[in-house]
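Chemist: return atomic coordinates for the entry below.
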Amino acid sequence: MHLSSVGFVGYLKVGVLVLGRDVDKVQSRLSGETTPLFPIFMKLAKRRCLVVGAGKTAEEKIPTLLRCGATVIVVAPAASRTIKAWAADHKIIWQQRRFELSDLDRIFLAVVATPLKTLNKMVSEEAQRRQILCNVVRDRPLCNFYYPAVVRRGPLQIAISTAGHSGALAQRLRKQMETQFGPEWERWLRWLGEARSSLYEDPISPKRRRTMLHRLASQKKQAEFFDRWGIPIDGGQKTRK
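Modeler: Alright, predicted model coming up:
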């Protein structure tokens, strides 16, 4: 698409046509997604998760699995220095060999991170046949789940997905929200969790309990809690002093 500066600005202002088509009806050639994705936070503790490949790309994907308590099995003939160190420290299990179909036995989730398209497709197809969740890094048509950009503040997790339209935008939004949601949110959320547990132990009506829970999570109560760190809240945004 070639536009002059004036034409491009007009395109941005209107936001209606892409090569003569309505953008709301255009299927992304990059993502291939036509159906909305189901957002979910999944428990992986003690689940067997397979990673095929042990290069830098796999190295980027493994920490999230470990953080969630998964049992991570890596299959690859060679590995990066970091992955070798994780294996030596018994944080992961590294099978130093080529992938075999039996590697998918008793696997809950698979991540494929190799530069070999034929291998990636084979693993993905076998995982699909076995109804195993599978992510093939940088090959979205072979995935049935994606890694989102995530803001983490203790129990608070904000996951951002663009369904493959722009990973760069997802990363930018993550950085923006990391500034908006500072470390104090973790402490506040843990306090809310303790308050919630206490309320469920008290013999009060469900309606009364629900009212109190919403009141505790209100912006007013949040402002009072954050004021201990000198962080006022204005219109839902916090400004550090």
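
Chemist: quick one: residues in contact with stretch 121-131.
Modeler: Outside of stretch 121-131, the residues within contact range by C-beta atoms under 8 Å, 6 or more residues apart in numbering are 52, 99, 101, 104, 107, 110, 112, 133-134, 136, 139, 142-144. For every residue, glycine as well, the C-beta is placed using N, CA and C.

Chemist: can you pull out the strands in this protein?
Modeler: 17-18, 21-22, 48-52, 71-75, 93-95, 109-112, 133-136, 149-153, 156-160, 233-234, 237-238 (DSSP state E).

Chemist: adding mean neighbour count, write these out as a markdown table.
Modeler: Below are those laid out as a markdown table (neighbours: other C-beta atoms under 10 Å):
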| stretch | mean neighbour count |
| --- | --- |
| strand 17-18 | 12 |
| strand 21-22 | 10 |
| strand 48-52 | 25 |
| strand 71-75 | 21 |
| strand 93-95 | 16 |
| strand 109-112 | 24 |
| strand 133-136 | 22 |
| strand 149-153 | 17 |
| strand 156-160 | 15 |
| strand 233-234 | 12 |
| strand 237-238 | 14 |
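
Chemist: which of those strands sits closest to Lys175?
Modeler: Of all these, strand 149-153 sits nearest to Lys175, with 8.8 Å by C-beta to C-beta.

Chemist: which residue is nearest the centroid of the chain?
Modeler: The structure's the chain has its C-alpha centroid closest to Pro148; by C-alpha atoms, centre = their mean the separation is 3.0 Å.

Chemist: ok, the residue nearest to that residue when sequence neighbours are not counted to Gln180 distance?
Modeler: Leaving aside its sequence neighbours, Pro148 sits nearest to Ala159 (C-beta to C-beta, 6 or more residues apart in numbering; 3.9 Å). Shown here: Ala159 relative to Gln180, a distance of 15 Å by C-beta to C-beta, to the nearest Å.

Chemist: now Gly167
Modeler: In terms of C-beta to C-beta, Gly167 sits 20 Å off from Gln180.

Chemist: so the two - more neighbours on which side?
Modeler: Gly167 (17 against 12; other C-beta atoms under 10 Å).
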